[in-house]
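# give me the fold of what follows.
(2 chains)
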Amino acid sequence: MDIAVLDKLRAVVGPTNVLGTVELAPYVVEGRTPEAALVPGSVDEVRAVVEIAAGAGIPIVPWGGGTAAAVGIPTPQPGIVLDLKRLGQLVEHEPGDLTATVEAGMTMAALQSALRARGQWLSLDPPDPEQATIGGVIAANASGPRRHLYGTARDLLIGVTVVTGDGVVVRGGGKVVKNVAGYDLPKLFVGSHGTLGVIVSVTVKLRPLPDDERLVAVVFDRLKDAGAAARAVVASDLIPNALEILDAEAARALGLQSAEGPGRCTLVVGFDGVREQVEWQCSELGRIAAQFGGHAAGALPAEAWPRLASASRDAFDAPAAVMRLVVLPAAVSEAIEQGTNAARQRGLRSAWSCHAGVGVITAALASGAPPEPGPIASVLHEWRALAKAAGGHATLDWAPLAVKSAVPVWDDAGAAGRIMQRLKASLDPHNVLNPGRFVAGI
Amino acid sequence: MLGRGAVLSDPEELLVYESDGLTLFRALADFVVFPTSAEHVSAIVKLANREGLPFVARGAGTGLSGGCLPAEGGIVISLMRMNRVLEVDYENQIAVVEPGLVNLHLSWAVGPRGYYYAPDPSSQQACTIGGNIANNSGGPHTLKYGVTTNHVLGLEVVMPDGEIVWLGGKTRESFGYDLAGVFVGSEGTFGVATKICVRILKKPQAVKTVLGVFDRVEQASAAVSAIIARGLVPAAVEMIDQLTIAAVEDAFGCGYPRDAAAALLVELDGLAVGMDAQVAHIVEACRDSGAREVRTARDEAERQLLWKGRKSAFGAYGRVSPAYMVMDGVIPRTKLPYVLSRVNEIVGAHGLRVGNVFHAGDGNLHPNILYDPRKPGEEARVVEAGAEIMRLCAEVGGSISGEHGIGLEKADFMPFIFSVADLEFMRRLKQAFNPTGRCNPGKVFPTRKSCGEAGPVAYRPHPIEEKGLAQRF
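Model prediction:
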């Protein structure tokens, strides 16, 4: 990087907040090291940094906890990482309004614990809450099992403040729970992976903490029975807050001994509410599950919750790839069955878990011994094809660059992709925010 | 292109389309067309582009911000003939519908199987799903279930250049930018939706409705806070003030005590188990806040009667005033007592009366300013008072619209809550969808050019009111 530019950046954030050389280790993605990492301490510093970098044509990689940093293609030209960890305060929490305004760099765990102290929570439970920041979770549209009842970031984000690629502070939405004034900018930033603006603070809707919450696991000998049971739960009067199906490999990662065995799988269902509601629902679930051959029903400890979302990727020490398949909810068990077979036919093991009620599946593929890229790419292609055949789509959530070069990270977005390109060109005209990382070459 | 009987150009007939539910604004189209397919809409849009004509989509015309008016003339694309339910997939709890489908008709279509469509604007007997998309419409039950955008998975859209594109799809999640998410609520400026995939919900096992009666408005506001503080999330919390109660009782006799300062209508839904305990919590919260009476509907008939009072409030104003203007603003719930008293002061200072009936649970106010359009100068005072109320909402950290949209009415108020940079960013977003600006020009942004008749004009009844075909609601 040009030394004059570096000096300007140092002047903005202070020399100790410009990291270089060995300090860059945490920011290395897929073996690519950024030119520098900056840790600004205010929105104005973020603005100034973006302005300087954009002026010098240096790509900017906004950074939260780094938990989704490997999603997508790393920027071809090493740029500067903008780490938002110093923007980590809860700005405002008014329990009576059920809203909170939070700086982007606050971790999910810290946020939830501050909210919990006042009887509320943000109903979003992505993996790695200790590392993941609220800004990053929104940029990556990360979610967890409770999305079954409470939705995802798009349903909870009511206001957002960003620094645009030309170094301007823009606010969208507001602080109130219902608001249709102007375009819905918060929606634009959910899942945008830092390509449209650097999220510096957000306002979210909150919920009261439930009195009671429980997680129940039921084992099935056949995947299709678990799928049928999940569909029956969805069609029943029950109001679960989570509805997961795990195959034997994912169940093992979660420590469920009873679920091991070929073809076996586990339906995990969460309930919250007042105690009598939770109890009634647990017993109803037992009745429904039994109709489909469910057995060995039992409660899971509360510690199982945060591990559910990553159960399939945790099944292998070093997975060859992790893919996310989105299909119609009723099609999940069939998709898992076909996907497992596709891997097995190439001699590879795979682990599967899904949010059965919303049709979002996470599949991890084990490396063969020795690991060969050919069969891995073939399996991933087949998984993508089966998601498409089921009316859905697939994203290669994690894989080494070698695999990504053979298997696209995202599906072809078609005509919608051209609108996305126009949107990016209009909102980040100098193409400085995470260039090349996202859908449709954005 | 469209066949016979699908184009209006006679000035008499065009009059019907010169305003929406907000009759303060009027603009005359050159043509009104009635397509029956996305291909029709695409062909119309391409023709408009060739001829350099602006165009705007229109549903039932129940909007309250002038959003579907042809502000600069051109073509009004009425979607009322595209009103079919195309597909219902109960297993996946989704439905694909055409934009001209009346909101309530979707719930009717899926009701026999135990499902419903959650967003329930007060005009749901007439308004269309396409219009709901444009405005991101809400309703009383959005407190628990969210607004239109929370229920839309994907849309087939005719883009402003005529291309037919799907944004989002039928799955619960799409990839790339959330184009469906930004399209919803874009007030018809990003294109014309021709198919809409929505979620349908299972009807709750149990529903309970409680009426709290208060001698002071502050007590009713306090009860709203008390309910939230108890960790309850009711399906709806609606407030009705004294003037409105009296009007409703005169008109319909729904059983509200007519001398009460405010009534709170609270609805809980969900599992039958535990419902009574939750109702007891609501009753307690109301009592603790000083309610003089708290009543729980004993059966469905009584529940419907309580709701009738709420839902017919707008009609009832017709009995106490020759005209009224519906305002729509949002404030943080905790600011309710202060803002309500300020609203009364503001309207009073202009020598006018106001009735309040609104979604207290999510802080979405609807002050209805009563006036007599025959009295010179009164309408101008309504507009002034309205602007002051909007400024008040902005000052307390709220918004200038919760569900009616910006349209023509509030375009000039946008700077109350957005900076120049915010608006410029929105303009660039619009540019990506609608580069020529021909799709619904003159809306949302404070760029009030002189655009034909589109500006506040003296009250006249809506053309269909004049013909006795409808009353205002």
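
# now do whichever strand or helix holds B:Ile196: which elements does it pack against?
B:Ile196 is part of strand B:192-199, with elements assigned from DSSP states H and E. Packing partners of strand B:192-199 (3 or more C-beta pairs under 8 Å, 6 or more residues apart in numbering or on different chains; DSSP states H and E): helix B:38-51, strand B:94-97, helix B:129-135, strand B:152-158. C-beta here means a position set from N, CA and C on the backbone, and glycine is covered the same way.

# so which of the ones you listed is the most surrounded?
Sort those by mean neighbour count, taking mean count of other C-beta atoms under 10 Å in any protein chain shown, and helix B:129-135 sits at the top with a mean of 30.

# after that helix comes which helix or strand?
Where DSSP H and E defines the elements, the next helix or strand beyond helix B:129-135 is helix B:142-145.

# can you pull the pLDDT of B:Ala60?
Predicted confidence (pLDDT) for B:Ala60: 97.

# and it, what does it touch?
B:Ala60 makes contact with B:80, B:102, B:123, B:126-128, B:131 under the criterion C-beta atoms under 8 Å, 6 or more residues apart in numbering or on different chains.

# could you do A:Gly174 as well?
Going by C-beta under 8 Å, 6+ apart, the list of residues near A:Gly174 reads A:158-159, A:181, A:203, B:330, B:397-399, B:417.

# ok, the residue nearest the centre of chain A - contacts?
When C-alpha atoms, centre = their mean is applied to chain A, the residue found nearest the centroid is A:Ala142 (2.2 Å). Neighbouring residues of A:Ala142 by C-beta under 8 Å, 6+ apart: A:67-68, A:124, A:126-127, A:132, A:136, A:153.

# what do you get if the cut-off is 6 Å, keeping everything else the same?
Each residue near A:Ala142 by C-beta atoms under 6 Å, 6 or more residues apart in numbering or on different chains is listed here: A:Pro126.

# what about it, helix or strand, and which?
Assigned by DSSP H and E, A:Ala142 falls within no helix or strand.

# next one: it, what pLDDT does it get?
97.

# B:Glu238 bridge partners, please.
For B:Glu238, the beta-bridge partners under DSSP bridges are B:Leu265.

# can you read off the pLDDT for it?
Looking at B:Glu238, its pLDDT stands at 97.

# next one: it from A:Gly135, what distance?
As defined by C-beta to C-beta, to the nearest Å, B:Glu238 lies at a distance of 36 Å from A:Gly135.

# neighbour count winner among these two?
Ranked by neighbour count (other C-beta atoms under 10 Å in any protein chain shown), B:Glu238 and A:Gly135 place A:Gly135 first, with 29 against 26.

# and that one, what are its phi and psi?
Torsion angles at A:Gly135 (phi, psi; degrees, to the nearest 10) stand at phi -60, psi -40.

# what lies in contact with stretch B:34-53?
B:1-2, B:6, B:33, B:55, B:74-75, B:77-78, B:81, B:158, B:162, B:164, B:192, B:194.

# just the buried ones from these?
Neighbour counting by 16 or more other C-beta atoms under 10 Å in any protein chain shown classes B:6, B:33, B:55, B:74-75, B:77-78, B:81, B:158, B:162, B:164, B:192, B:194 among those as buried.
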